[in-house]
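K.L.:
Predicted model and sequence follow; I will ask about them next.
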Amino acid sequence: MFQAIEISKTYRKGEISSVILSNINLEINEGEYISIFGPSGSGKTSLLNIVGLLDSPDSGEVLFHEKNILSLNPKERLNLRRKEIGYIFSDANLIEELTVAENVELPLLYQKIKKKDRQEQVSAILGEMNLLHKKKEYPQNLTSLQQQKTAIARALVINPSLILADEPTGNLNSTEGNEILDLLSKINDNGTSIFLFSHEKRIAERARKTVQLFDGHLLLDSSLK
Amino acid sequence: MEQIYTYIKVALRSLVKFRSDAILNVIGLSVGITISLVVFMYVRYELGYDKNYSKSENTYRIITTGNISGSSFNSALSPKPLAGFLKNNFQEVEVSTRLVRGSNKLISHGDKKFNEAEFFYADSSFFKVFDVPIIQGKPINPLESDEDVVITSVIAKKYFGGEDPIGKKIELDNGLSFYVTAVCEPQAPNSHFNFDFVASEKSINKLYIEKKNWLKIDWYTYLTLKPSVSSEHIEGRLNQELKKKIKNKIQDSQEKSAGNNHNIKALSFHLQPLESIHLHSQLDDELKTNSKHLYVKIFLYLAIFVLLITCINFINLTTARASLRIKEIGVRKLIGGHRNSLMLQFLVEAITYSFVALFIGLVLVELLLPGFNILFDLNLKLNRSESRIDLLYILVVTFLIGIISGLYPAIAFSRINEVQIFKDGFQPKKKGLIIRGILAATQVMVATFLIIFTLGMLWQIQFLRNKDLGFDSKNIIVVERGYSLEKKFGEFKSHIKLIPGVENVSACLVLPGEKASQESFTYTGKDGDKMVLMPFNYIEKDFFKTLGLKLEAGGIWNGETKKFSPDLLINSSAKEELGFTKALGTELQFTSHSKQLTIKGVFKDFHFEPIQFPIRPLILMDIPKNIYYSNLLIKINDADKFNNIIGQVREDWRAYTNNEPFEYRMLEDVLENNLHEENVVFKIIMVFMVLSLLIAWLGIRAFTAFVDEMKQKEFISKKIIGASPIQIFNELFLSVSQYILPGILLAIPTAFSILSLWLNGFAYYSRFPVLLMVAIAGIVWGLSFLLILLHSGKSIRSNPTHIS
């Protein structure tokens, strides 16, 4: 489904340049759950930006559903992102002026889906997340766990083929973190592919497959389970 | 549509959430919108003058230019026969009319007596040109016979209450009486004259028979041209056809005056569009004081300037606070928000803000309008046709304000790269700093300039108020319409003098502080016979005692005899101008008097005209037998007895004038009223000063927020290495001051120059001390310090551990 072939990325600031990603090969198939694990500065965020179609590598190829992403114009990329990729961050990044339901509804609004369908989809996903009773609340009135679950609902509401989760438990305690990781496993069980980015080995190990990133190089490619 | 609804929802919620910034933004826009609404109402009112008649576009007033006694004149008046001449000789003229203002003020119906200023005589075509709706009585030709009068509905109510006014009689104090033939609606307030009564001009023949005199220029003539007739063409033909007729009259007149220079040398007539009178006509004998097109332009530019500044402040404040919105922008982009939809969101947000501001603006307009009308002597109302602003117009302007305010933030925010947001956070770029700084400096400069200018004006007004006038204006009661006493003045005076507390009683034709009339005379000087035009006034012999005036030489005529005294007095300026070494005993021959008059005294100069003008030469003389004093002067020496004195004077007045209305003013009020225009301009400038201060506050606030935001990382780093909050604040204050301080300082020479220009219009002035200007600049800088302190919370409070 997604394939990165020999991708490299270098950042330049004045005369200084630093290699962030070096000849990375990465692949995820439908229904797979892969974690990318590495310390701070290893290139995780840069890789996430490329995988999430937010950024392009300096060299190499990126294929999504066998289509070369690099040949797409920004609008085509945006359309692909809107329909295929869901994002989850350590911070829920909810819009504080919108209610829980409105936050979840937002990606559907951008896709110009009819109001009735939107409401049905939002109610269904909030039901799954056990947040239906909170749908009229504003994010600041929710617990951290509820906020993160709302963010997951927002990522899932478009029914994406790929979920990108960047340190999804970063702002939660271990119990809450475990609940989110369980939820991700359940989402994966339902057939959605997941890339999990984390600096914690314990969390990365919850994925079916772990890839280690260090100083922009892939060190390990292993199936743990 | 749904997206827009969501954006409006978000905008309103963020308005509540970011209250302090949002309130400032909305206040700024409200101020801009309020000013623009009021100015646009004012402009509409001013541009709508005399447009309420069905043929106003083709209607013209005929004005006269010419030369009398060597000096040129431009008058709104024209000769009486002109209207008839036009009607009879020009096929292109659809209708013409003439009118004149009645000089008698007292009008009565039964027991009801009122002084009326807006009484006009007009010919029967008046209502064909000024077709105000007739609501009762004879709609066609209501001024047919010589006793016909048309009154407005306001007058009908005043004199007749609920009774039917048609056919009712009104009487004038000149002996004429009229019967009401019709009641019309009052003219729109924005008309170059507003009549209360229009009576048939034929009635004047009962008072005196007026010969057809082309050289007597004392009527207002109007004509309506047929469609597509050029006014230039008519004007050319009119002057050509009248040339011979008038030339003969001029020759006759010159022969009659036997070589005297005091005569008309040339006359020509011009067609002045009715609709342009109010803003483009500053002639002699105007029916009302007109305004100037320049004022409309200045107000319009000021409104646009204020609107632009408020929009820019909105942009500044919104973009300076970008970091508060940055996460939302990132998320929206990440989950599929296209750049266009983000732009739309910020535009909708700005438009929502401007509509909220519009609502506040409309409330403010409704609240401020009465005060504004009093302040600027206007008659604006939100729901009146002559000043109302169309709803569509308001909506379009508000929408445009929203677009102008929101466009830059929309472009700037939507351009931010989401990767950048999540990777590096966001910090505004330095490149906008200089422009923003200059803008803030300009706003502070304008505010400082207006403070100095306002105080400079106040300084001058106070100087004029306190200036020695050369006479004592305190405790002098001026009784108006003195001519009602006719020949009984002497008796009345003796009676009034007996009232305890009355020190002196006198009278004059023109009040001190009012513009004097001029009279021409000939005299024999060093270089032979000369003719001179000079201000004069008729006074009663106790005028000097009553006003405390001082004689330099000679004395005043004896007032005991009832005969006209052939003596006159001149002031020192007149003595100087006429080049007399010994003035006393010199004889002057006035054109209005058959006998020569002799100079009996010379008095010290005093300000007999408004204080803005230099003291001119002045001649004072006894009043001729056929003329009566207009103003009685009563000097009281016991202010505590004022009410008692007024009560008794009123009683005596009624007894001597057969119950005519008693009207009085204090001389000090008359003199204060001469500063009316300066006071109005002062108030206007003061209003703009307050608004500019408000806008400058918003400007400083926005600029401080921007610098604060831009230097966040730097400040946090400095805090980590030990900078105290005060040091951080000092750095912020200096960063902001390096822009606004030059603005404040630049305001001093600007205000000095403009104040000097304004002061040039006065004969006497006092400059506002430069030291005080510097002090004001210092205070403004001090206030800026407080504002920056108030709005620098982020730098002082920020936690160094939050460095990113």
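P.N.:
Thanks, I have it.
K.L.:
Now for residue 6, which secondary structure element holds it?
P.N.:
Using chain A here. strand A:2-13 (DSSP states H and E).
K.L.:
other chain: chain B
P.N.:
Going by DSSP H and E, residue B:6 is part of helix B:2-17.
K.L.:
Just list what the strand holding residue A:6 packs against, helices and strands only.
P.N.:
Under the contact definition 3 or more C-beta pairs under 8 Å, 6 or more residues apart in numbering or on different chains; DSSP states H and E, strand A:2-13 sits against strand A:16-28, helix A:44-51, strand A:59-64. Every C-beta, even on glycine, is put in place using the N, C-alpha and C of the backbone.
K.L.:
From the rest of the structure, what touches the longest one?
P.N.:
Right, strand A:16-28. Contact with strand A:16-28 is made by A:1-11, A:34, A:36, A:43, A:46-47, A:50-51, A:57, A:60, A:162, A:193, A:195, A:211, A:216-218, as judged by C-beta atoms under 8 Å, 6 or more residues apart in numbering or on different chains.
K.L.:
returning to that earlier point: what is the rounded mean pLDDT of the helix holding residue B:6?
P.N.:
Confidence over helix B:2-17 (mean pLDDT, whole number) is 78.
K.L.:
So the next helix or strand after it, near chain A or not?
P.N.:
Proceeding C-terminally, helix B:2-17 gives way to helix B:19-47 as the next helix or strand, assigned by DSSP H and E. No: Helix B:19-47 does not reach chain A (C-beta under 8 Å from any C-beta of the partner chain); its nearest approach is 11.7 Å.
K.L.:
List the buried residues of helix B:19-47.
P.N.:
B:21-22, B:24-46 (16 or more other C-beta atoms under 10 Å in any protein chain shown).
K.L.:
any idea how far it is from the chain center?
P.N.:
22 Å (C-alpha atoms, centre = their mean, to the nearest Å).
K.L.:
pLDDT averaged over the strand holding residue A:6 - what is it?
P.N.:
Mean predicted confidence for strand A:2-13 is 88.
K.L.:
Give the pairing partners of that strand; include direction for each.
P.N.:
strand A:16-28 (antiparallel), strand A:59-64 (antiparallel) (DSSP bridges).
K.L.:
Provide the contact partners of it at residue level.
P.N.:
A:17-28, A:43, A:46, A:50-51, A:55, A:57-64, A:162, A:193, A:216.
K.L.:
mind checking which helix or strand the residue of chain B found nearest chain A is in?
P.N.:
With C-beta to the nearest C-beta as the measure, residue B:336 is the residue of chain B nearest to chain A, at 3.4 Å. Residue B:336 is part of no helix or strand when elements are defined by DSSP H and E.
K.L.:
Pull up the gap between it and residue A:54, please.
P.N.:
Distance, residue B:336 to residue A:54, using C-beta to C-beta, to the nearest Å: 12 Å.
K.L.:
shared neighbours, the two?
P.N.:
Joint contacts of residue B:336 and residue A:54 (C-beta under 8 Å, 6+ apart) are residue A:81.
K.L.:
What is the burial count for residue 200?
P.N.:
Let's take chain A. 15 (other C-beta atoms under 10 Å in any protein chain shown).
K.L.:
hmm, I had chain B in mind actually
P.N.:
Neighbours around residue B:200, by other C-beta under 10 Å: 22.
K.L.:
so what's residue B:795 scoring on pLDDT?
P.N.:
64.
K.L.:
what does residue A:20 give?
P.N.:
Reported pLDDT for residue A:20: 88.
K.L.:
where does the helix ranked longest in chain A sit relative to the chain's centre, distance-wise?
P.N.:
If you go by DSSP state H, chain A has its longest helix at helix A:174-189. Helix A:174-189 has its average C-alpha position 14 Å from the chain's average C-alpha position, going by C-alpha atoms, centre = their mean.
K.L.:
For chain B, what's its nearest residue on chain A.
P.N.:
Closest point on chain A to chain B, by C-beta to the nearest C-beta, is residue A:82, at 3.4 Å.
K.L.:
Now that residue: closest residue in space that isn't a chain neighbour?
P.N.:
Nearest-residue entry for residue A:82: residue B:336, 3.4 Å, with adjacent residues in sequence omitted and distances by C-beta to C-beta, 6 or more residues apart in numbering or on different chains.
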